[in-house]
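[1] Following is a predicted model, sequence given first.
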Amino acid sequence: LVDSEGPAARVCAEEITRIGWPMTADDSMRLFVGCDLPAMLPIIETHLGRKVPPGWVDVLRARMIQALSQEVEPMPGASDTLRAVAALGLPYRVASNSSHAEMAAKFARTGLAPLVVQEIFRILRSINENEHVSMLIVEQNAALALELADHVYLLETGRVVTSGPSAMVQNDETLRRAYL
């Protein structure tokens, strides 16, 4: 859905070079494309002949998320395809070896986040209706959460502002103006 290999390879190369293994983005792409960090670490440590420095993995992850949130672009046609599939009501899944934080950065940057959130809520609704499973959902999109919820606890800065059946919260004019 997104072209993240270039920024990911560049960041990996820079951080691996910083700890003592000179590497270009092309080297990183050739060695690590498609690998997740747990698969990369043994290769890096074997080449270095030692463990990576303490905190290095956290620095790499943080730099990766920053680069992904600023540089990735959607693959041509990806947004249109997902929208068309969603409009047909067809279920879809997104698979990646990226972390949740990396995927969130990619989807936010490329505008795909709303489509992914809508699909997640469709799945949650199906589980709730078909399996009769109760669930706790924490969501900033109040309108979307209210569509799914039977009972709502509306929090503001960690404090319960109101609670009650979803219909009651949806029909409260003061709450509608403030949150919807």
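    Yep, it's here.
[2] On the three-state scheme, the residue sitting nearest the centre point of the chain is what?
    By Cα atoms, centre = their mean, the chain has its centre lying nearest to Ala104, at 2.2 Å. Assigned with DSSP: H, G, I helix; E, B strand; the rest coil, Ala104 falls in the helix class.
[3] what residues are up against it?
    Going by Cβ atoms under 8 Å, 6 or more residues apart in numbering, Ala104 touches Ala113. The way it works is simple: take the backbone N, C-alpha and C, and place the C-beta from them, glycine included.
[4] cool, and Arg176?
    So Arg176 contacts Gln170 (Cβ under 8 Å, 6+ apart).
[5] That one in helix, strand or coil?
    Under three-state DSSP, the three-state class of Arg176 is helix.
[6] which residue lies farthest from the center of the protein?
    Most peripheral residue of the chain (Cα atoms, centre = their mean): Gly49, 33.8 Å.
[7] Gly20 versus that residue, what's the distance?
    Distance, Gly49 to Gly20, by Cβ to Cβ, to the nearest Å: 9 Å.
[8] for Met103, same thing?
    30 Å.
[9] looking at this protein, which helix or strand is least sure?
    Ranked by mean pLDDT, DSSP states H and E, the weakest helix or strand in the chain is helix 173-179, scoring a mean of 74.
[10] Test my guess that Ala149 contacts Leu136.
    No - using Cβ atoms under 8 Å, Ala149 is not in contact with Leu136; the gap is 9.9 Å.
[11] neighbour count winner among these two?
    Remark: of Ala149 and Leu136, Ala149 carries more neighbours, 20 against 6, as counted by other Cβ atoms under 10 Å.
[12] excluding its backbone neighbours, what's nearest that one?
    Ser166 (4.6 Å; Cβ to Cβ, 6 or more residues apart in numbering).
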